[in-house]
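Colleague: quick check, what structure comes out for this input:
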Amino acid sequence: MKHAFVPPADLEPLTRHPKAAAPGRHIALHHSTCFGCGDDVPLGLHLKVMAGEGLTVDAQMPVQDWMQGGPGVIHGGVLSAAFDEVMGTSPLLVGAPVVTVHLEVDFAKPIPLGSDLQFHARILGSERRKIYIDAIAHLGDPNAPVAGAHSVFVVIDVEKHFAEHFDKRVVL
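Modeller: Predicted structure coming up:
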């Protein structure tokens, strides 16, 4: 896949946090009403991001009829939201809550409704508060990606960042 995104050549390597989810374990995040991972959102993505080896994560998502964009295929915005959720969860492996600064998605092939889309993301490194991540989506063969993404997330203090919007009834 071709893309214009080029991370800095001198990224600092990151190490997995000692309390990070073990490989194969679900990385719990957000709250039950999060569009990306929440269980209480009727038409949410319901993504369960799983810790991988090193600084990688994996997730899968059934491509459902309500996700349709063009006839019989996923909407690009839904795919972008899924990438954002998967990639935005991965910094928890290094103990860093983040928000999206840049997200670039490369659409390589149409993704049909009814397929099982699988994601694999990896943390590339950091530059000050910025964390660089890339990911692919495939339909069962990681060597045949149907989409790819590159992103930059910035580390935040959750309470300060969301202070104006924080609902004291929601547990982060």
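
Colleague: buried residues in stretch 91-111?
Modeller: 91-94, 96-98, 103, 105-108, 111 (16 or more other Cβ atoms under 10 Å). All C-beta atoms are positioned from the backbone trio N, CA, C, and that covers glycine.

Colleague: nearest to residue 27, of the residues you listed?
Modeller: residue 92 (5.4 Å; Cβ to Cβ).

Colleague: show me what contacts the nearest residue to the closest one once chain neighbours are set aside?
Modeller: Excluding the flanking residues, the one nearest residue 92 by Cβ to Cβ, 6 or more residues apart in numbering is residue 27, at 5.4 Å. The contact partners of residue 27, by Cβ atoms under 8 Å, 6 or more residues apart in numbering, come to 20-21, 49-51, 57, 89, 92-93.

Colleague: what's the separation between residue 27 and residue 85?
Modeller: Distance of residue 27 to residue 85, given as Cβ to Cβ, to the nearest Å: 11 Å.

Colleague: what is in contact with those two at once?
Modeller: With contacts taken as Cβ under 8 Å, 6+ apart, residue 27 and residue 85 have residue 49 as neighbours in common.

Colleague: which parts of this protein are helices?
Modeller: For the chain, the helices defined by DSSP state H cover 76-89, 158-161.

Colleague: now do the first one: distance to the chain's middle.
Modeller: Here the centre of mass of C-alpha atoms in helix 76-89, compared against the chain's by Cα atoms, centre = their mean, to the nearest Å, lies 5 Å away.
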